[in-house]
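In: Have a look at this prediction, sequence included:
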There are 2 protein chains.
Amino acid sequence: MNNIDRHVPEVVIKRLPRYYRYLDELLKQDIQRISSKALSEKMKVTASQIRQDFNCFGGFGQQGYGYNVAYLHNEIRTILGIKEGYKTIIVGAGNLGHAIASHEGFKRRGFELCGIFDNSPDKIGTVINGHTVTDIADMERFVRKNGIDIAILTLPKANIQETADRLCDCGIKGLWNFSYAELKTKKAVAVENVHLSDSLMTLAYKIKQGND
Amino acid sequence: MNNIDRHVPEVVIKRLPRYYRYLDELLKQDIQRISSKALSEKMKVTASQIRQDFNCFGGFGQQGYGYNVAYLHNEIRTILGIKEGYKTIIVGAGNLGHAIASHEGFKRRGFELCGIFDNSPDKIGTVINGHTVTDIADMERFVRKNGIDIAILTLPKANIQETADRLCDCGIKGLWNFSYAELKTKKAVAVENVHLSDSLMTLAYKIKQGND
């Protein structure tokens, strides 16, 4: 059965990266199965919730056996579409661009960094983690030539919409947007906005509740 | 009625920062009320979901009027505990620490940056956004003296647990953890882990589905 044909509700999709991260840890430790109780405690969701979630894509646990880690890991990779691998560029070589270029985890998850772009003469030609920062004037050509899938937008808010338009015009498939600006894009281009302040507000709530 | 006495389910809490961000935008535009339909379209959740969520804390919309923006904004601020304001420090003056110190939005949300710490002689004494980077040896004294609530952990994974232990011992209330390490902390200290790769995996899923 093709995964696209399966209906996996959006609330379940939102939990998948977290399941994936944990299953990835288990695989690295060569753990082949996990009880629903252990998984439930680790994930801080009920065993019943996990059962419902995994049932959406055929990840049935077995009584007395638990869940097959490699099977679930592979299914979630397939559903999330990270199995195929994605080519990425970073646009904006400031502190955040630097930090993301140095992130070890993305490559292991199938996201390959292919280039870094900026418009500042101070930054063009500098090297970040093995990548020479290239003039943003060359961005479209690079995206087309190398079949780049995802642009990571870490440039200032002021330049973001124009840059997004240029990327959409040269066939980018997804924008990972750190700019806190709402982007208007063509329907065919996926956008994921990162709002770090949401996470900080959640921490504030946890502090207020006096628990984690 | 005290907000702590109201039971607001965790799934609703997780949506509050997003509602808050949007209501904040409306307030800035001096918009005083919003129809449930407009709010629903903007938030990409059903009007019925919004109604259920807001009912949890008395944010009842009125037929033909919609929602009172200032009331909801204030209620969500209170529930999230961001009304009182929080004092923060950044521990780790690398690229990510730099990027967060330069973030304009946190202060407006009630999170005041009071200091930046690092253990590297190259970084100690440098100035980031008006804050002089201080030797981490002085961290505990600073936290106690200034009543710091939240430590933003942007230091390497290797040093993270020891640093977290030190912060817990000197009375920190919350840790905002960017290190990708699982922290063990005292029960009384709240922890919020930032996993940027979750967001990137969600983008991959959206690309695969061919919509955003």
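Out: Sure thing, it's come through.

In: When you work out contacts or count neighbours from here on, use the C-alpha atoms and nothing else.
Out: Will do.

In: Any residue of stretch A:150-164 touching chain B?
Out: No - applying Cα under 8 Å from any Cα of the partner chain, one finds stretch A:150-164 out of contact with chain B, separated by at least 8.7 Å.

In: Give me the mean pLDDT for that stretch.
Out: The average pLDDT for stretch A:150-164 rounds to 93.

In: Distance of the residue nearest to residue A:203 when sequence neighbours are not counted relative to residue A:197?
Out: Leaving aside its sequence neighbours, residue A:203 sits nearest to residue B:192 (Cα to Cα, 6 or more residues apart in numbering or on different chains; 5.5 Å). Separation of residue B:192 from residue A:197 (Cα to Cα, to the nearest Å): 12 Å.

In: So for those two, which sits in the more crowded spot?
Out: More crowded of residue B:192 and residue A:197, by other Cα atoms under 10 Å in any protein chain shown: residue B:192, with 21 against 18.

In: related to what we said a few turns ago, am I right that the residue nearest to residue A:203 is in a strand?
Out: Yes - judged by DSSP: H, G, I helix; E, B strand; the rest coil, residue B:192 forms part of a strand.

In: So stretch A:25-41, near chain B or not?
Out: No - Stretch A:25-41 does not reach chain B (Cα under 8 Å from any Cα); its nearest approach is 11.4 Å.

In: What lies in contact with that stretch?
Out: Stretch A:25-41 has contacts (Cα atoms under 8 Å, 6 or more residues apart in numbering or on different chains) with A:46-47, A:50-51, A:61, A:64-70.

In: Next, the angle helix B:10-28 makes with the longest helix seen in chain A.
Out: Counting residues, the longest helix in chain A under DSSP state H turns out to be helix A:10-28. Angular relation of helix A:10-28 and helix B:10-28 on a 0 to 180 degree scale: 120 degrees, by axes from the mean of the first three to the mean of the last three Cα atoms, to 10 degrees.

In: chain center to the helix or strand of chain A with the lowest mean pLDDT: distance?
Out: The weakest-scoring helix or strand in chain A, judged by mean pLDDT, DSSP states H and E, is helix A:105-108 (a mean of 82). Distance of helix A:105-108 from its chain centroid, counting by Cα atoms, centre = their mean, to the nearest Å, is 10 Å.

In: touching chain B at all, that helix?
Out: Yes - contact of helix A:105-108 with chain B (Cα under 8 Å from any Cα) involves A:105-106.

In: List the buried residues of that helix.
Out: By neighbour count on 16 or more other Cα atoms under 10 Å in any protein chain shown, the buried set for helix A:105-108 is residue A:106.

In: Bridged to the residue nearest to residue A:203, which residues?
Out: residue B:176 (DSSP bridges).

In: quick one: contacts for it?
Out: A:199-200, A:202-203, A:212, B:174-177.

In: follow-up on the earlier one: with the contacts of stretch A:25-41 in mind, which one is nearest to residue B:108?
Out: residue A:46 (36.2 Å; Cα to Cα).

In: roughly how far apart are the closest residue to that closest one other than its chain neighbours and residue A:21?
Out: Spatial nearest neighbour of residue A:46, excluding adjacent residues (Cα to Cα, 6+ apart): residue A:40 at 5.5 Å. Separation of residue A:40 from residue A:21 (Cα to Cα) stands at 14 Å.

In: Quick check, pLDDT for the residue nearest to residue A:95 when sequence neighbours are not counted.
Out: Excluding the flanking residues, the one nearest residue A:95 by Cα to Cα, 6+ apart is residue B:95, at 4.7 Å. For residue B:95, the pLDDT comes out at 92.

In: In this structure residue B:95 contacts residue A:99, no?
Out: Yes - under the criterion of Cα atoms under 8 Å, residue B:95 makes contact with residue A:99 at 5.2 Å.

In: Then residue A:57 would be within a helix, right?
Out: No - read with three-state DSSP, residue A:57 is coil and lies in no helix.

In: quick one: residue A:87 and residue A:26, what's the gap?
Out: Distance of residue A:87 to residue A:26, given as Cα to Cα: 26 Å.

In: Also residue A:181?
Out: Taken as Cα to Cα, the span from residue A:181 to residue A:26 is 37 Å.

In: quick one: low-confidence ranges for chain A?
Out: Applying pLDDT under 70 to chain A flags the ranges A:1-7, A:59-61, A:63, A:187, A:211-212.

In: Residue A:128 is in contact with residue A:99, isn't it?
Out: No - assessed by Cα under 8 Å, residue A:128 is found out of contact with residue A:99, at 9.6 Å.

In: Okay, now the sheet partners of the top strand by length along chain A, with direction.
Out: Assignment by DSSP state E gives strand A:111-118 as the longest strand of chain A. Strand A:111-118 pairs in its sheet with strand A:86-91 (parallel), strand A:131-135 (parallel), by DSSP bridges.
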